[in-house]
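fold the following and give me the result.
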Amino acid sequence: MLQEKSTTNSDENSDSENFGHLIISFSFITVRLVGVFQREEGRVEVYHDGQWGTICDDEWDDNDASVICRQLGYGGIGVGWQSAIFGEGSDPIWFDNVACSGSEQYIEECRSNDWEAHDCGHSKDASVSCGTVRLVGSFSQYEGRVEVYHDGQWGTICGDGWDDNDASVICRQLGYEGIGIGWQSDKFGQGSYPIWLDNVACSGSEQQIEECGSNDWGVHNCGHGEDAIVSCRTVRLVGGVSLHEGRVEVYHDGQWGTICDDEWDDNDASVICRQLGYGGIAVGWQSAKFGEGTDPIWLDNVACTGSEQHIQECGSTDWGAHDCGHSEDASVSCRKVRLVDGVSFEEGRVEVYHDGQWGTICDDEWDDNDASVICRQLGYGGIAVGWQSAKFGEGSDPIWLDNVACNGSEQHIEECGSTDWGTHNCGHDKDASVSCRTVRLVDGVSFEEGRVEVYHDGQWGTICDDEWDDNDASVICRQLGYGDIGVGWQSAKFGEGSDPIWLDDVACSGSEQHIVECGSTDWGAHNCGHGEDASVSCRTVRLVGVRLVDGVSSKEGRVEVYHDGQWGTICDDGWDDNDASVICRQLGYGGIGVGWQSAKFGEGSDPIWLDDVTCSGSEQHIEECESSDWGSHNCGHGEDASVSCRTDQAGVILPKKCTTIFKENSDVENFGQLIISFSFTKVRLVGGVSLQEGRVEVYHNGQWGTICDDGWDDNDASVICRQLGYEGIGIGWQSAKFGEGSDPIWLDNIACSGSEQYIEDCGSNDWGAHYCGHGEDASVSCGTVRLVGGVFSEEGRVEVLHDGQWGTICDDGWDDNDATVICRQLGYEGIGVGWQSAKFGQGSNPIWLDDVACSGSEHHIEECGSNNWGEHNCAHSEDASVSCRTVRLVGGVSLQEGRVEVYHDGQWGTICDDGWNDNDASVICRQLGYEGIGVGWQSAKFGEGSDIIWLDNVSCSGSEQYIEDCGSNDWGVHSCKHNEDASVSCGTVRLVEVRLVYGQTSNEGRIEVYHDGQWGTICDDNWDDNDASVICRQLGFGSNGTAIGGAHFGEGSGEIWIDDAACSGHEAKIEECGSRGWGIHDCGHGEDAGVYC
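Numbering: from 1, shown residues only. Modelled structure (predicted):
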């Protein structure tokens, strides 16, 4: 702090200016106000040495307060308060004996003691009120009881003669444009301070209330029941998800009321949006879209041209004259985004409204998450698809946004990370587009098949299969972007739905773009049950379709793929069984195929689309395999590739053996007199904690089913694990360990040696022959190590499988080397962090290992040194845990700060600080397991790195779980040096999340707190306004809360986390208040606590 001193010495890295030979060093201190009723007042806190702290009130006066107000941008009139009027702080006391003249721009220009030199306690924390007028007692900053500051004290204004002119001056003085509404009442509570003014008489054009006529200060004939009240708005939106939408309410005759939707349209909505300060376009909704109001219906037959500034300028019936009920309340969505040039309203080029003009978004990093936010913002439910490369034509207006990075949960595109407005490196050929889908496929084995569900009236529902055929299915597939070939299935092929049946008697010609263009009954009109739910298989993936041509059966033939509007063949260079298996899998015939060369099923005549196809055999679609570019080849049609797809419909489970007997309908090939019958069975694991464990289910005769556990052992399990691609040992479980199935029991008495490749290679009863119930369903665990109890899959208590039982590892000597081996064994790159003392909870099974000593280079924990299995001197309070991380902090004084390094492609590297901010830092902190707020530092604050710079232009919204979820350049693409390495400090605030649910507005509702991975409620025992005020402060709604009990906002259904909350009212967070302890209560949900903020 300068304390009015100059120096001829300047420390390195200080900000300085040179005037002749005098060098003046500046220190700019961050200031905030805490514990406020509104933003312009509160306890003063300053930021120093990485921490917020208070100022002692010795000598604190209005001059000092005025400097704080000026520094915060509230003008130069401040009122200084002593004695911790807005509550005591708990952090360091940084300043004492501050002495400002009142003309300084920053508090650091005033004289004071040195940092931390004081003789005070927090009961002497200094506070400030900025300005001489405020509104008190309301949920909203735009309305409340008027209080003015005079002679060192706040007081009220008497309502004698108080009118809208007076209120408008108050609104103007507070910086709120528009019309003010003035009235008298105790609606916002009675004041208790002096009544300073009476008989105020403003013309309405004054800038400050002091310019209006009135009695002298303190002269009045009133009581506080006549305190003057102000509302600085005459229109508001209620009941919407965001501030930009809701039921329209207008203020008239001292009361809010609704507008009837007769003739209500987008022009009327546009005027409302303009009046509220929202640019862009507006959508008018009828039929009480955002809920019915309960106050008077003030207007009807509103007729705006759309150019008016205020709704009062539009034609309408007289105030209160209408023929409506509240089910006809008008609503509005004020939008700053639109879709242009699509075939339907639900798709098109994205345009956003900024600075008075529409413009486009560049498609760099544009994906389905970004598209989902656009669709949500436009009010379209369902599924969103993001398109690049100006799919719906090029725009001509400014390109407003680039590098948009949404996580998909945001309500508005403005909440996502992006470059600054107008900053981009794109042309309009990269304009981003969106399709907002209202149709989906459910419960299929792949994305391209399933039960058809359509989105209508805010809810998904099914289609009845009456008249359902391939034409109808093709329209569904086209609408989903899967090409033009669809197969329609009846009789709930992919399971029955449970939601409404929305459509029946659908009749498409097959050329329609959307299912709603086809003929059908009205929405919800049908004569069906869910046993008739319609389904679809789309035989194309995105724009690539596949078919087999000129074979004897549908499962063999010349391979043709659909590209650029035309079918064509594949050249057989390098064509093998792996490639064929992918084709078969894509067509739904399982994953085992035989590849044929030399045009086995005849030569094609259309283009040769692909050559040098190279599949591993595990891909789902042929376009996932490597190949030459589309149309690039050195082949003739004499080299057309072909396929035979083997299926599981033969009658025996002996595919490796040959027989001259086969059952009807089996797929066979005749080689001389030898007939070979094939059976290849699909397998999956269901109901496990991870993908590597679960109840075993096999696919036979068009249906999944279970295996009976008679004779089921580790040999059988190992075959299942091998077939699924999991290395290591399989553990076989009996007695439906992962839950009972409900489908057929297909196999029993399985007898594997353990070396087989597929379960059908093992001996067993015939299909469906068993004497078991589902209580005997067989299960499997693949692998010998797992993480349990973590928030993410990459962390948790370590458990190892030994002697048929999972158990823990003692933390004696447990360190990061040991943890890294666990992470490597589980397939996670990067580093492992080893935790002791049962960080993720105590286990209850055996403690299998102790004194584990890994070098860190091992591939499996069993390769490390340790005691013998089961030998230890530990309790479960010493259970070892692991976090598998790809990010670390280096060079900091503590573990919670440092230079950010990320692990990629086998090497650690840094992040460039271009655009690096607190949002990015918060994601790093969250990923590292540090709760709370992250502070982002630039310019290599914790030293320069020496490895590769991996990321640049990182753009996080702050809500992502991992830094990889944020927008950024590609790996290794940057324009930086290590002096720009990004750094982070991780704070420890907001350990408990709080939300309000089921209120009519965002600042009221049932309170729910997040603890131990689950939301729960608060019991209303002893619940009062002090407790409620802490909730409101924690949520950012100020410090004036009203306690509501008795489950006023409905009963919750989860845990009751807190009971007998005892707050003083000054706490910053609910977890700082006294209570019984987490989860300890004597309540039911009928006692759930609520709040009005």
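
tell me the buried residues in stretch 1063-1073?
Neighbour-count burial for stretch 1063-1073, counted by 16 or more other Cβ atoms under 10 Å, picks out 1063, 1065-1071, 1073. The way it works is simple: take the backbone N, C-alpha and C, and place the C-beta from them, glycine included.

how long is it from one end to the other?
Using Cα to Cα, to the nearest Å, one end of stretch 1063-1073 lies 5 Å from the other.

and which of the buried residues of stretch 1063-1073 is nearest to D713?
E1071 (50.0 Å; Cβ to Cβ).

quick check, the closest one in a helix?
Yes - checked against DSSP: H, G, I helix; E, B strand; the rest coil, E1071 lies within a helix.

how much space between it and C1063?
10 Å (Cβ to Cβ, to the nearest Å).

hmm, L276 and C334 touching each other?
Yes - applying Cβ atoms under 8 Å, one finds C334 in contact with L276, separated by 6.8 Å.

contacts only, for the nearest residue to K600 once chain neighbours are set aside.
Once flanking residues are discounted, K600 sits nearest to S642: 4.3 Å by Cβ to Cβ, 6 or more residues apart in numbering. Counting by Cβ atoms under 8 Å, 6 or more residues apart in numbering, S642 makes contact with 548, 551, 556-559, 572, 595-597, 599-601.

coming back round to it: the buried residues of stretch 1063-1073: which two are farthest apart?
G1065 and E1071 (15.1 Å).

just the pLDDT for the closest residue to F188 other than its chain neighbours.
Closest residue to F188 apart from its sequence neighbours, by Cβ to Cβ, 6+ apart: G137 at 3.4 Å. G137 carries a pLDDT value of 77.

next, count neighbours for G137.
Other residues lying near G137 total 18 when counted by other Cβ atoms under 10 Å.

measure it to G218 for me?
G137 is 22 Å from G218, by Cβ to Cβ.

then V516?
Taking Cβ to Cβ, one finds V516 at 70 Å from G218.

just E619 next, same as before
In terms of Cβ to Cβ, E619 sits 84 Å off from G218.

which one's more surrounded, the two?
E619 (18 against 13).

name the element the more buried one belongs to?
Here E619, judged by DSSP states H and E, is contained in no helix and no strand.

one step back: which of the contacts of S642 tops the neighbour count?
V559 (30 neighbours).

now for whichever strand or helix holds that residue, which elements pack on it?
Per DSSP H and E, V559 falls inside strand 556-563. Applying 3 or more Cβ pairs under 8 Å, 6 or more residues apart in numbering; DSSP states H and E, we find strand 556-563 packed against strand 544-550, strand 566-570, strand 608-610, strand 642-645.

kindly reformat these as CSV containing distance to E410.
As requested, the helices and strands packed on strand 556-563 are exported to CSV (distance: least, Cβ to Cβ, whole Å):
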stretch, distance to E410
strand 544-550, 32
strand 566-570, 40
strand 608-610, 39
strand 642-645, 44
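
now list whatever residues contact both of C334 and L276.
Contacts common to C334 and L276, judged by Cβ under 8 Å, 6+ apart, are L237.

those two: who's more crowded?
C334 (24 against 18).

hang on, the earlier thing: closest to I707 among the buried residues of stretch 1063-1073?
Looking across the buried residues of stretch 1063-1073 and measuring by Cβ to Cβ, the closest to I707 is E1071, at 48.9 Å.

how much space separates the closest one from G1041?
E1071 is 16 Å from G1041, by Cβ to Cβ.

what distance do you get for A1068 to L1035?
Distance from A1068 to L1035, by Cβ to Cβ: 11 Å.

just D504 next, same as before
47 Å.

swap in W916?
W916 is 28 Å from L1035, by Cβ to Cβ.

equivalent analysis for S396, please.
For S396, the distance to L1035 - Cβ to Cβ - is 44 Å.

cool, and A321?
40 Å.

can you check E623 too?
Applying Cβ to Cβ to E623 and L1035 gives a distance of 48 Å.

same check on A838?
33 Å.

what's stretch 916-934 in contact with?
By Cβ under 8 Å, 6+ apart, stretch 916-934 touches 417, 795, 883, 885, 887-889, 896, 900, 935-938, 954-958, 960-963, 965-966, 982, 984-991.

one step back: between S396 and L1035, which one's more packed in?
A count of neighbours by other Cβ under 10 Å puts L1035 above the other of S396 and L1035, at 17 against 9.

ok, now which ones touch that one?
994-996, 1003, 1093.

next: G531.
491-492, 496.

neighbour-wise, which of these leads?
Of all the contacts of G531, the highest neighbour tally under other Cβ under 10 Å goes to A492, namely 19 neighbours.

tell me the phi and psi of it?
Backbone geometry at A492, expressed as degrees, to the nearest 10, gives phi 50, psi 50.

what's the pLDDT at it?
For A492, pLDDT reads 90.

show me what the closest residue to it other than its chain neighbours is bridged to.
Once flanking residues are discounted, A492 sits nearest to D533: 4.3 Å by Cβ to Cβ, 6+ apart. Here D533 sits in beta bridges with C464, going by DSSP bridges.

would you confirm that D533 contacts D465?
Yes - in this structure, D533 is within contact of D465 by Cβ under 8 Å, at 6.7 Å.

neighbour count for these two, which is higher?
It is D533, of D533 and D465, that has more neighbours when counted by other Cβ under 10 Å, with 29 against 23.

state the distance from the more buried one to D499.
10 Å.

any common contacting residues for those two?
In contact with both D533 and D499: T462, using Cβ under 8 Å, 6+ apart.

got the contact list for E756?
Counted by Cβ under 8 Å, 6+ apart, E756 has contacts 719, 722, 762.

burial check on V133, number of neighbours?
19.

got a list of what the closest residue to G189 other than its chain neighbours touches?
Once flanking residues are discounted, G189 sits nearest to G137: 4.4 Å by Cβ to Cβ, 6+ apart. Applying Cβ under 8 Å, 6+ apart, one finds that G137 lies in contact with 144-145, 188-189, 1040.
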